[in-house]
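Colleague: sequence unknown, structure follows:
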């Protein structure tokens, strides 16, 4: 099939960007979305033109590297799917597809469709961990955890840190990303000691990075490739109230 | 021929590591921060090493090519991680895990390393649990296990189908904690282009800043590579598209020996290739073989849809050939048989390069719901990719390159032949021999990073004179100039063919001639074709864009250039090893039943290759393998 | 020697309070919490308000006596000041939050679409700031008209609010303005009620199933009741 692409091109972080038109011919429905872009890029390279820069790595929906807003929706139209798992059979001959990068102040564009998401790393660095050094951990079975708690913790832990939640949110809020980690560790016995300081530190960091606040619309949940619900965001509030109550910081 | 000394400590196997830990030198806590260590790669091995060394107080510089350390390809491991906890009371022990690993590796691994790995496996689980890694629990709240990859005990710990992800995030979080404490400095989007060796010791690296294109130099007292395997040399593999051999290869060119490159693992249950455009292959958990039955049509060229092929015209070839293991034979056996039936012209699907994995019997037995409970995610993934419903029609599967057992040669301390250069995880060659067992890769990466390198690197630092060094040193200048020269050379070719064209062509050579089964003839062919392709590459590749900004074409071109060099070593190693073992199957060396036939008399050694210059034949060094504990026998899965 | 590869941004906070514990009150999460609490308090007030207003159907005697009792309560000034404070916090925090949120995305998407279920994004949820500002304007008109409107004495004591109301709504323009404003209030609450609870941290699957429709029902009920009263008053006054 033949498609018309409108792709955001931007030479560098401070350069102006704009949508440019490309034709994608000879696209097979079995291709993944990124393979379709590979084909377009091969055409550009053959002509000696600068290839369209976009991030991807594992191409199986787990590393969280791919980050395209396809026709106005992060990761494209399929629910619970990263754009690397989106297949071209979703489109039909003659379709026009607009591709933009994640847009947020905290995710500045590096080039074309690539953004800098190190703000997420800094949020985790602020407190998204359990402070245990290697060695000296007690036997794994010394900390029993009920199956139900495990399942809930795992649901939150599934986050791949892709940033689609931020990209979809009208406020470019990182609350779902942050809430997933806070919820995972607040659920587990291992996370109790630093429970209060963790939420305080992570919330501060997210604000300092320039992410927005949450308006409870739930666009984040709808585009999350791991379908992490916004109940994880509600938990941030509960954890924060507890932290203030206990004077934790 | 020179022999290599792995410096394995003396004494009975069970006490080697403890004794060695005692005998190694220590670095005084107050002095640790005076040492700068470079860690390249942030997968399980790299992240766990960087965080552990940071915790100890070293000044750690951590590099990765992705935008965040959390994206390293360890994240994609699905199945689980082995540990000799014996929580299931089913007879597991450190010794049994050790034994299974040596045997599974077809007697081509170093016993002492494997024993240490089995010992440390139990600490890994404790460490990860303490970090908050959500391992699966049973109803009593204790850790759950499953049996994996044909093991006869249940020793695999897992977190749904995302074990690698959860373990990596645990290590990543520990790493970010050290970043917060400022013991670790992070350098994301950096690609290592050279190792800097001063006075015979690894003292730094040269990297390209992938965001700005700048060539940057970093000095240190020791360098740790944890840069993963080289499966992407085959173009199509289950590895991430950015996984590459560049860091290891360039270290090799600086003097680190490359060991056993021909040991590659091919995973039997991947989703088959659908066309030329394909950029990578997707693995589906091996657990599918627990309920799925593998078959192809009996008749050559039978193109009927699977539903229309009656039972007596189907060949359930694994069940037929291996009555006791059936569909659960080890990975290499399953893969090779799939290739064989496809070579016979009995492959299915449009390309004829696939076999059926049929769940109809299992669905009849435990119902659709039962299957959905067990494999729902996998079935969904399969449907997403192929647009076929595996509940109704059999899955099509085909083997794909998945893991590489070979890597830079290291001694017992995980140090390469360049003093100060340590290599961890899949990037080294050490623990899996000629074939890796399921759920053992995660175990090795974490053992190396959390529990081996923190001890062994101290011994190196404490016993080596390491004068201060500046990045203005000649060696740095020379290395960064060389890196710059190669970049310019790639940009200057200005040819007509795409980089992907060459990568794809190389992949086809390797897959056809150095793939699941190899012959003297195919290897000779590969060794003739690879240099030709390399020549073509350097004359006709088109690398657009500029060197001084983000340029993915340039990154890719550099990697493919290294694959083209490396592939020759891979083929050469396969050619020289005229025996079959594990993932390396030479058709000339098989039992009457078509099983891999080892030649212990001539090949019971690690083949470590020394780089001798461009266009020169590398020199072979041997580390003889001694088996004091586990006596080599012929594997049989009849 | 090292270029700083991984910038450490200091936590520059939205609030300027220095105590670490109080600093959290300046955070985005606390802002959300505060907007949620004040919003729900206003919903509560609205419910009391609409129930009181419905008493108008029981005739002038009853309605004016109710108003007189209410106005005679010595606590009323305190309640009024409290209400004013709640309004102010809700409005000011929201506006500040809106400005910060706008800053979080300096470059807009060329094309942006809704993600669809289970997102709750709707026209009302996307226009909360507009509906909110409209309501501020409405409030000024409304308070001017009733709280500080014409003082018709009522023989049994207090003001004849019944008459004031009928007279105010005699003009179809006023009715139209009120009806539109009530649709706006309905829209604001359509998202606002469930969102307020969400901001408080209440979210379980069962609660979700209840609060999402319940919030919308209450929003429609409040808006509808006010509109019915206005139209009824118009018809009554015209008669």
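Modeller: That came through, no problem. Note that this is a predicted model, so its numbers are computed, not measured.
Colleague: From now on I want contacts and neighbour counts done on CA atoms only, so please keep to that.
Modeller: Fine.
Colleague: Tell me which residues touch the nearest residue to residue B:405 once chain neighbours are set aside, please.
Modeller: Leaving out its chain neighbours, the residue that sits closest to residue B:405 by CA to CA, 6 or more residues apart in numbering or on different chains is residue B:263, at 5.3 Å. Residues in contact with residue B:263 (CA atoms under 8 Å, 6 or more residues apart in numbering or on different chains) are B:404-406, B:433-435, B:582-584.
Colleague: ditto for residue B:257
Modeller: B:408-409, B:416-417, B:608-611.
Colleague: does the closest residue in space to residue B:299 that isn't next to it in sequence sit in a helix, a strand or a coil?
Modeller: Leaving aside its sequence neighbours, residue B:299 sits nearest to residue B:346 (CA to CA, 6+ apart; 6.8 Å). Under DSSP: H, G, I helix; E, B strand; the rest coil, residue B:346 falls in the coil class.
Colleague: hang on, isn't residue B:346 packed against residue B:295?
Modeller: No: the criterion here is CA atoms under 8 Å, and residue B:346 misses it with residue B:295 at 9.8 Å.
Colleague: for the stretch 101-250 of chain B, what spans make up the helices?
Modeller: B:111-131, B:163-180, B:246-253 (DSSP state H, counting those that start in this stretch).
Colleague: Next secondary structure element downstream of the shortest one?
Modeller: Scanning the chain past helix B:246-253 towards its C-terminal end, the next helix or strand to appear is strand B:258-259 (assignment: DSSP states H and E).
Colleague: Please see if the next helix or strand after that following strand touches chain A.
Modeller: Counting by DSSP H and E, the next helix or strand C-terminal to strand B:258-259 is strand B:264-270. No: no part of strand B:264-270 sits close enough to chain A to count as contact by CA under 8 Å from any CA of the partner chain; the gap is at least 12.2 Å.
Colleague: And the contacts of the longest helix along chain A?
Modeller: With secondary structure taken from DSSP state H, chain A has its longest helix at helix A:231-246. Identification of contacts with helix A:231-246 by CA under 8 Å, 6+ apart yields A:156, A:175-176, A:178-180, A:182-183, A:195-197, A:199-200, A:249, C:21-22, C:24, C:29-30, C:33, C:198-204.
Colleague: Which of those are buried, as a PyMOL select command?
Modeller: With 16 or more other CA atoms under 10 Å in any protein chain shown as the criterion, this PyMOL line picks the buried residues out of the contacts of helix A:231-246:
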select buried, (chain A and resi 156+175+176+178+179+180+182+183+195+196+197+199+200+249) or (chain C and resi 21+24+29+30+33+198+199+200+201+202+203)
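Colleague: Keep the contacts of helix A:231-246, but drop any that are not near chain B.
Modeller: Checking those against chain B (CA under 8 Å from any CA), there are no matches.
Colleague: hmm, back to that, shared neighbours, residue B:346 and residue B:295?
Modeller: By CA under 8 Å, 6+ apart, no residue touches both residue B:346 and residue B:295.
Colleague: circling back to that earlier point, export the helices of the stretch 101-250 of chain B to JSON lines and tack on mean pLDDT?
Modeller: Listed next are the helices of the stretch 101-250 of chain B as JSON lines, based on pLDDT from 0 to 100:
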{"stretch": "helix B:111-131", "mean pLDDT": "98"}
{"stretch": "helix B:163-180", "mean pLDDT": "97"}
{"stretch": "helix B:246-253", "mean pLDDT": "98"}
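Colleague: and these, which is most packed in?
Modeller: Greatest average neighbour count among the helices of the stretch 101-250 of chain B goes to helix B:163-180 (a mean of 28), per mean count of other CA atoms under 10 Å in any protein chain shown.
Colleague: That one near chain A anywhere?
Modeller: Yes: judged by CA under 8 Å from any CA, helix B:163-180 comes into contact with chain A at B:165-166, B:170, B:173-174, B:176-180.
Colleague: Ok, stretch B:61-80 next?
Modeller: Yes: applying CA under 8 Å from any CA, one finds that stretch B:61-80 is in contact with chain A at B:66-68, B:70-73, B:75-76.
Colleague: Give me the PyMOL select line for the residues you listed, limited to the buried ones.
Modeller: Restricted to buried positions by 16+ other CA under 10 Å, the PyMOL selection for the residues of stretch B:61-80 next to chain A reads:
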select buried, chain B and resi 66+67+68+70+71+72+73+75+76
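Colleague: Show me what the residue lying closest to residue A:214 once chain neighbours are set aside bridges to in the sheet.
Modeller: Sequence neighbours aside, residue A:173 is the residue nearest to residue A:214 in space, at 5.9 Å (criterion: CA to CA, 6+ apart). Judged by DSSP bridges, the bridge partners of residue A:173 are residue A:212.
Colleague: What is the burial count for residue A:173?
Modeller: 29 (other CA atoms under 10 Å in any protein chain shown).
Colleague: How about the secondary structure of residue B:90?
Modeller: Residue B:90 ends up coil, using three-state DSSP.
Colleague: residues touching it, list them.
Modeller: B:153-154.
Colleague: What residue spans form the domains of chain A?
Modeller: As given by automatic domain parsing, the domain ranges for chain A are A:3-111, A:118-246.
Colleague: what stretches of chain A score poorly on pLDDT?
Modeller: A:247-249 (pLDDT under 70).
Colleague: what about stretch B:542-562, near chain C?
Modeller: No: using CA under 8 Å from any CA, stretch B:542-562 never reaches chain C; the gap is at least 15.7 Å.
Colleague: That stretch and chain A in contact?
Modeller: Yes: Stretch B:542-562 lies within reach of chain A by CA under 8 Å from any CA, at B:542-545, B:549-553.
Colleague: Need those residues in JSON lines (columns: secondary structure).
Modeller: What follows is the residues of stretch B:542-562 next to chain A, written out as JSON lines (three-state DSSP):
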{"residue": "B:542", "secondary structure": "coil"}
{"residue": "B:543", "secondary structure": "coil"}
{"residue": "B:544", "secondary structure": "coil"}
{"residue": "B:545", "secondary structure": "coil"}
{"residue": "B:549", "secondary structure": "coil"}
{"residue": "B:550", "secondary structure": "coil"}
{"residue": "B:551", "secondary structure": "coil"}
{"residue": "B:552", "secondary structure": "helix"}
{"residue": "B:553", "secondary structure": "helix"}
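Colleague: Leaving out chain neighbours, which residue sits closest to the closest residue to chain C within chain B?
Modeller: Using CA to the nearest CA, the closest approach of chain B to chain C is made by residue B:187 at 5.1 Å. Leaving aside its chain neighbours, residue B:187 sits nearest to residue B:63 (4.6 Å; criterion: CA to CA, 6+ apart).
Colleague: got the contact list for the one you found?
Modeller: B:38-42, B:186-191.
Colleague: sorry, back to before: tell me how many other residues surround the residue of chain B closest to chain C.
Modeller: Neighbours around residue B:187, by other CA under 10 Å: 23.
Colleague: Isn't it up against residue B:66?
Modeller: No: assessed by CA under 8 Å, residue B:187 is found out of contact with residue B:66, at 9.7 Å.
Colleague: Let me know how buried residue 63 is, in neighbour terms.
Modeller: Going with chain A. So residue A:63, with other CA under 10 Å, has 26 neighbours.
Colleague: Sorry, I should have been clearer: chain C.
Modeller: 19.
Colleague: quick one: it from residue C:53, how far?
Modeller: Applying CA to CA, to the nearest Å, the value for residue C:63 to residue C:53 is 8 Å.
Colleague: returning to what we had before: in CSV: the residues of stretch B:542-562 next to chain A, plus pLDDT and neighbour count.
Modeller: What follows is the residues of stretch B:542-562 next to chain A, written out as CSV (pLDDT from 0 to 100; neighbours: other CA atoms under 10 Å in any protein chain shown):
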residue, pLDDT, neighbour count
B:542, 95, 27
B:543, 96, 32
B:544, 94, 25
B:545, 94, 18
B:549, 93, 17
B:550, 96, 24
B:551, 97, 22
B:552, 97, 20
B:553, 96, 25
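Colleague: any chance of the residues of stretch B:61-80 next to chain A in TSV, plus secondary structure?
Modeller: Shown next, in TSV, are those (three-state DSSP):
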residue	secondary structure
B:66	coil
B:67	coil
B:68	coil
B:70	helix
B:71	helix
B:72	coil
B:73	helix
B:75	helix
B:76	helix
